[in-house]
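>>> Got a predicted structure here, sequence first:
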Amino acid sequence: QTTLANDRITNDNANVAANPEHWHPEHIPGPKEDVHKNDPSYVAYEKAGIESNEASMEEDEETDAIARAINSVVPHEDDPNTPVTTFRAVFLGTVFGAALCFANVLMSFRSSSVIIPATIITLISYPCGRFMAAVLPTHQFKTGSYVWSLNPGPFNMKEHVIVTLIASAAGGGIPYGLDNLIAQKWKGGQEIAWFEGFSWLVTTQMIGFGFAGILRRFVIWPREMVWPGNFSQLSIFATYWQRDDDVLADNNSTWSISRYKFFWAVAAIMFVWELLPIYIMPIFQAFSIMCFFSSNLQYKNNVSATEGLGFLSLTLDWEFITSTWMTTPFWVACVMLAGQVFWVWILVPLMQFTGSYPGGQKHFGNGNTGTGTYDVNSSAIYDKDGNYASKTKLYNAGTFETNMTYVADLAPFTLTPYFYTSYMMSFFNLSAVLVHIYLWYGRQLARQTRAMFAGEGRQGNDLHNRLMRAYPEVPEWFYAGILAVFLVLTIVVGEKTMFVMPWWSVLLATLITAVFIAPIGIIQSITGQQIGLNVVTEFVIGLILPGKVVTVMCFKSFGYNIMIQAMSLLSDLKLGHYLHIPPWHMLASQLYGTLIQCLLSVSISYWILDSWADRLGKGAWQANGYGIFFNAGGIWGAIGPKAFFTGQSSLIYLGFLAGFIAPIIPWAANKYYPSRWWIYINFPIMSAAYGTWGAGNWSNTFWMTLFVSWLFQFYIFRNSYAWWAKYNYVAGAGMDIGMAVCLIVFAFVSADHPFPVWAGNPDTNNGINLEYYCQGQQYNFDPYAATE
């Protein structure tokens, strides 16, 4: 029987390119029945990994939980002759990408930075594409041997995907290199020419694409690498292009409203709801119940969400929750909460109140002024007496060289226990990622590496891999060429512009990325959670070049951004894999969109710094993200890790050792007591929370994200699968869109027409904390009290 099955696969593969439309899920041989496979917490294929130390690709495509989720929102057949990158697709992608870029760069200066998702472009572009198909001329043009038309026929799904990909690359995120530009120009006062800023962004944004192509066989072609973050986007395309009765024919659904109508209903409801936390009643953004349990000011500060650890803090603002937790597996949310409990709610208080950390019992000043109540959630730097240390005084004006006199007078410097723990957790995370992936996926990585050097093509025999064999692959050498070209250009930029990086530092940052990128890609493709390289990069260069602040910040930005861009392209490649978009079109769309992003991001940020100078740093426009980046430059650059983490503070380096040991425990336990549950003790995920919950960020999301994940990924999945299959991802996308539109509209409305100050809308523009009841403040600013 095994021989017959293997012959069947071989014969099937031989005919894929000729007849891709004939392939259906039933052509895949089914394995033994697995009683766990319909469990939403089940990690597909990792049961095989537990037993054999490698991820297998043997699951029943029609019945396992992951396949059911994917197949509810993706097409099961393909026509390779469908037009893809057409004039109207490029035009719409360019226009909407530019608009999205403007909105997201603007939103990055908010106190809580928000990324407006590219799903909004997916929605808007559909009627626009249909309109262009109705009015554009159908005349054909000939350029050499290539025949093309402004209107090749009805607007189709593949064009729709290309529009979204271009717009997403152009404006779906913030270039990490922009942090350097803002920190040096706004915070540091350096004069940076526009072309210098553009050169820095384009080199740091493009180089990651080279790594992405090389990683395809590790995190795109294997079917178990599902990339949960794509499900919401996939559901939008399904809303427009798939018939509900086709998708849900075997689910016995009693829900009759179409997904299209349901999407817009949810978006409208969320738009109306978001008027409360965004405009009318902002205290809904962060509400700390435990502040009402005591009158002690330090207690209140420690339990608050904006200044403390958020022990029982909630948010009713979807801006902080997002649909991420409607697509992230419930087990991931539970593991991340376990990490939050240990690292933040147990370890930080122990360090703070037992004296085990040198700065723990000092009365730190407020992170902005140097006076006021204890700010445990501060990302600021404090001197030997516990007073706020100005980051601008750490450097000599204009040069960013360390001010040795200032440093010597105030050293040793300290961090709050929360900020210190964030760095320790990141050290732990880096070791844990490498060890976890080596133990559980080492054999698979070795096998795929051998296949790459042997020149073997696309791997995998599932439906989507077979359909994608109809299209030519972008060869590995082409991606390697992208990597080489932009590596050389980055060296030139580092030597000739204000973004100073010695040539050897560019090579070192690239090497660090090469070591971590495959393990990080595997983690993200399975869990939907991204692990960053920002800490390890600034740590390494801070050891080598202490006092060179600009170089430290550039090294961090460059090394981290390679990974970000690689993950972005890989995520989009998986999206194209599910929707059967030719790989060359995917790459071209990403490169084009990224070029637009680099051109516009620099221009828009320069305009904001010039035109909004009086608003930045106040109220809802404090630009905390850029402030944290600037502060990190002081820690790792001006002072350096060797001088900063000395004496008792040097215990932070134990994070590396603990991260190396911890993943071995569940892996070894599985050897002696085999169980599918050991894989859930995932230390990389348990320690990944520092990226979004660390010091300087509000601690208001823990309980609500867990609740949302439990509700949609566990309870509804188990008890109302028909509803879940039809509406879950559509509902998440609708809520994101409703929130995003409301946020954009009222970002401008509130500037000229602010809502009156009242108990639900404290006067934050005049220094009143959003959680004023936790800080001993009144909700309204009293100018007379301030001058007494």
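Arrived safely.

>>> Give me the distance between Gly189 and Leu508.
With the distance defined as CB to CB, to the nearest Å, Gly189 ends up 29 Å from Leu508. Placement of C-beta: from N, CA and C, glycine included.

>>> neighbour count winner among those two?
Neighbours were counted for Gly189 and for Leu508 using other CB atoms under 10 Å; Leu508 has more, 18 against 12.

>>> ok now stretch 569-586, how far from the chain's centre?
The chain centroid and the centroid of stretch 569-586 are separated by 18 Å under CA atoms, centre = their mean, to the nearest Å.

>>> no, scratch that, I was asking about stretch 528-548
Averaging C-alpha coordinates over stretch 528-548 and over its chain gives two centres that are 18 Å apart (CA atoms, centre = their mean).

>>> Residues in a beta bridge with Thr414, which ones?
Residues in a beta bridge with Thr414, per DSSP bridges, are Tyr382.

>>> so what's it scoring on pLDDT?
With respect to pLDDT, Thr414 scores 81.

>>> cool, and Phe781?
In the predicted model, Phe781 carries a pLDDT score of 66.

>>> ok, now Leu600?
Leu600 is assigned a predicted lDDT (pLDDT) of 94.

>>> Could you list the buried residues of the strand or helix carrying it?
In this structure, Leu600 sits in helix 583-611 according to DSSP states H and E. For helix 583-611, the buried set under the neighbour-count rule, 16 or more other CB atoms under 10 Å, comprises 583, 585-605, 608.

>>> got it, and stretch 750-769?
Within stretch 750-769, the residues that qualify as buried are Phe755, Val757, Asn761, Pro762, Asp763, Thr764, Ile768, Asn769, counting by 16+ other CB under 10 Å.

>>> what's the answer for stretch 743-752, then?
The neighbour-count criterion (16+ other CB under 10 Å) identifies Leu743, Ile744, Phe746, Ala747 as the buried residues of stretch 743-752.

>>> Any stretches of the stretch 501-650 of the chain with poor pLDDT?
Applying pLDDT under 70 to the stretch 501-650 of the chain picks out residues 617-620, 622, 634.

>>> Actually, the stretch 51-200 of the chain.
Where the stretch 51-200 of the chain drops to pLDDT under 70, the residues are 51-69, 111-114.

>>> now the strands: where do they sit in it?
Across the stretch 51-200 of the chain, reading from the start of the chain, the strands by DSSP state E, counting those that start in this stretch fall at 140-143, 146-149.

>>> Ok, the chain next?
If you assign secondary structure with DSSP state E, the strands in the chain sit at 140-143, 146-149, 287-288, 313-314.

>>> Residues contacting stretch 264-284, please?
Under the contact criterion CB atoms under 8 Å, 6 or more residues apart in numbering, stretch 264-284 has outside partners 257, 285, 315-319, 730-731, 734-735, 737-739, 741-743, 746, 749-750, 755, 759-762, 764, 770-771.

>>> Just the terminal-to-terminal distance for that stretch.
Separation of the first and last residues of stretch 264-284 by CA to CA, to the nearest Å is 24 Å.

>>> one step back: mark which of the contacts of stretch 264-284 are part of helices, please.
Applying DSSP state H to the contacts of stretch 264-284, the entries found in helices are 318-319, 730-731, 734-735, 737-739, 741-743, 746, 749-750.

>>> Show me which pair in those is furthest apart.
Taking CB to CB, the two most distant members of the ones in helices among the contacts of stretch 264-284 are Val730 and Ser750; they sit 29.8 Å apart.

>>> can you pull the pLDDT of Thr296?
That one is not Thr; residue 296 is Asn. The predicted local confidence for Asn296 is 82.

>>> What separation is there between it and Asn700?
Going from Asn296 to Asn700 by CB to CB gives 21 Å.

>>> Compare those two (neighbour count), which wins?
When neighbours are counted by other CB under 10 Å, Asn296 and Asn700 differ, and Asn700 comes out ahead with 27 against 9.

>>> just checking, that one touches Gly310?
Yes - the pair Asn700 and Gly310 qualifies as a contact (CB atoms under 8 Å) at a distance of 5.7 Å.

>>> number of nearby residues for Pro502?
For Pro502, the neighbour count with other CB under 10 Å is 16.

>>> Looks like it contacts Thr551 (just checking).
Yes - using CB under 8 Å, Pro502 is in contact with Thr551, at 7.2 Å.

>>> just to revisit the earlier point, okay, the strands of the stretch 51-200 of the chain, which one's buried deepest?
Across these, averaging neighbours per residue (mean count of other CB atoms under 10 Å) puts strand 146-149 on top, at a mean of 11.

>>> Now do the same for Pro277: its pLDDT.
93.

>>> Same question for Arg243.
Reading off the confidence values, Arg243 has pLDDT 57.

>>> OK, contacts around Leu508?
With contacts defined as CB under 8 Å, 6+ apart, Leu508 is in contact with Val540, Ile541, Phe555.

>>> Looks like Ala588 contacts Val90 (just checking).
No - with contact defined as CB under 8 Å, Ala588 and Val90 do not form a contacting pair (9.6 Å).

>>> Buried residues, the biggest helix by length in the chain. List them.
Of all the segments of type helix in the chain, defined by DSSP H, the longest one is helix 417-453. When neighbours are counted by 16+ other CB under 10 Å, the buried residues of helix 417-453 are found to be 417-437, 439-441, 444-445, 448, 451-452.

>>> What of stretch 540-551?
Within stretch 540-551, judged by 16+ other CB under 10 Å, the buried ones are Val540, Ile541, Gly542, Ile544, Leu545, Pro546, Gly547, Lys548, Val549, Val550, Thr551.

>>> Serialize these to CSV and add fields for distance to Ala193.
Putting those into CSV (distance: CB to CB, whole Å) gives the following:
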residue, distance to Ala193
Val540, 29
Ile541, 24
Gly542, 27
Ile544, 28
Leu545, 24
Pro546, 28
Gly547, 25
Lys548, 21
Val549, 20
Val550, 15
Thr551, 19
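
>>> Where helices are concerned, which of these count?
When DSSP H is applied, the buried residues of stretch 540-551 are split such that Val540, Ile541, Gly542, Ile544, Val549, Val550, Thr551 fall in helices.
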